[in-house]
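1. sequence first, then the predicted structure, then my questions.
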Amino acid sequence: MIGILKGRVEAIGADELVLDVNGVGYLVGAGARTLSRLEPGQDVVLHIETHVREDAFKLFGFLEDIDRAWFVHLQNIQGVGAKAAFAVLDTVPVSEIVNAAALGDKSTFARAKGVGPKLATRIATELKDKAPPVGRSFSIGLPVHGLDSEGAATPAPISGGDSHAREDAVSALINLGYNEGQARQAVASVLRERGNDAPLSDVIRLALKELAP
């Protein structure tokens, strides 16, 4: 699979671009927000999400990996395909998506073109209790979740003596666009209420609620 493409923009269409990588032109699908920031002849690095199906092999490109992560995350919801995921990302900044997801705010998702009331409600409902994606940035240091006896993912707890875990929650919030002071204050508030053994995913989700306007 392809994770990143670095090359020069050769052409831009309504919903795709051609990226020249060492003489090979890759056709890459992209959202309107990404395409608006590009122009022919521009050197660029795109974070790539690859979709492989029986009748198609498609590449989707993003200037920021967190956008790619949300593109994938949104499509885990029934009824949300690539088109609807792009519509949400083109209409709503990632920071707003994070807040809307934490609060279950369906009106934010309903702003996206082609996303009706029922789908907006489903998106808000299903995202509310899920931790936001953090992308492929290993610098965040989020621990890999383990598996229970039935093969289900188990959330990583924040233990009292594990300062690294606390930092993981803070780093995740910073990666989502919050400044360090806000992130530390929100995480500290959650840990005071829930205790240091709270699962990391819960700490991030509740901290986002603390930070919501």
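-> Cool, got the structure. Values in this document were obtained by computation on a predicted structure and should not be read as measured data.
2. Provide a list of residues in contact with the residue nearest to Val88 when sequence neighbours are not counted.
-> Among residues not flanking Val88 along the chain, Ala112 sits closest, at 4.4 Å (C-beta to C-beta, 6 or more residues apart in numbering). The C-beta positions use only the backbone N, C-alpha and C, and glycine is treated the same way. When contacts are counted by C-beta atoms under 8 Å, 6 or more residues apart in numbering, Ala112 touches 84, 87-88, 90-92, 120.
3. which of those residues sit farthest apart?
-> Asp90 and Ala120 (15.0 Å; C-beta to C-beta).
4. more neighbours: these two, which one.
-> Shown here are Asp90 and Ala120; by other C-beta atoms under 10 Å, Ala120 has more neighbours (20 against 16).
5. show me the domain layout of this protein.
-> Domains of the chain are assigned by automatic domain parsing as 4-62, 67-128, 138-211.
6. can you list these in JSON lines and add mean pLDDT?
-> Formatted as JSON lines, the domains of the chain follow (pLDDT from 0 to 100):
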{"stretch": "domain 4-62", "mean pLDDT": "93"}
{"stretch": "domain 67-128", "mean pLDDT": "91"}
{"stretch": "domain 138-211", "mean pLDDT": "65"}
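7. among those, which is the most enclosed?
-> domain 67-128 (a mean of 18; mean count of other C-beta atoms under 10 Å).
8. starting at the chain centroid, how far to it?
-> Centre-to-centre, domain 67-128 and its host chain are 11 Å apart (C-alpha atoms, centre = their mean, to the nearest Å).
9. same question, stretch 31-40
-> That offset, for stretch 31-40, works out to 19 Å (C-alpha atoms, centre = their mean).
10. quick one: contacts of it?
-> Contacts of stretch 31-40 (C-beta under 8 Å, 6+ apart): 9-12, 15, 17, 30, 44, 61-63, 67, 86, 89-90.
11. quick one: which of those is nearest to Asn196?
-> Out of the contacts of stretch 31-40, the member with the shortest distance to Asn196 (by C-beta to C-beta) is Asp67, at 32.3 Å.
12. can you tell me the closest non-neighbouring residue to that closest one?
-> Looking at Asp67 with C-beta to C-beta, 6+ apart, the closest residue is Leu89, at 5.9 Å.
13. how far away is the one you found from Gly41?
-> Remark: distance between Leu89 and Gly41 (C-beta to C-beta, to the nearest Å) = 25 Å.
14. just the element for the residue sitting nearest the centre point of the chain, please.
-> By C-alpha atoms, centre = their mean, the chain has its centre lying nearest to Trp70, at 2.8 Å. In the assignment (DSSP states H and E), Trp70 maps to helix 65-74.
15. tell me the helices and strands packed up against that helix.
-> Applying 3 or more C-beta pairs under 8 Å, 6 or more residues apart in numbering; DSSP states H and E, we find helix 65-74 packed against strand 43-53, strand 56-62, helix 82-91, helix 94-103.
16. which one, of these, ends up nearest to Gln182?
-> helix 94-103 (11.6 Å).
17. isn't Ala30 up against Phe60?
-> Yes. Ala30 is within contact range of Phe60, at 6.8 Å (criterion: C-beta atoms under 8 Å).
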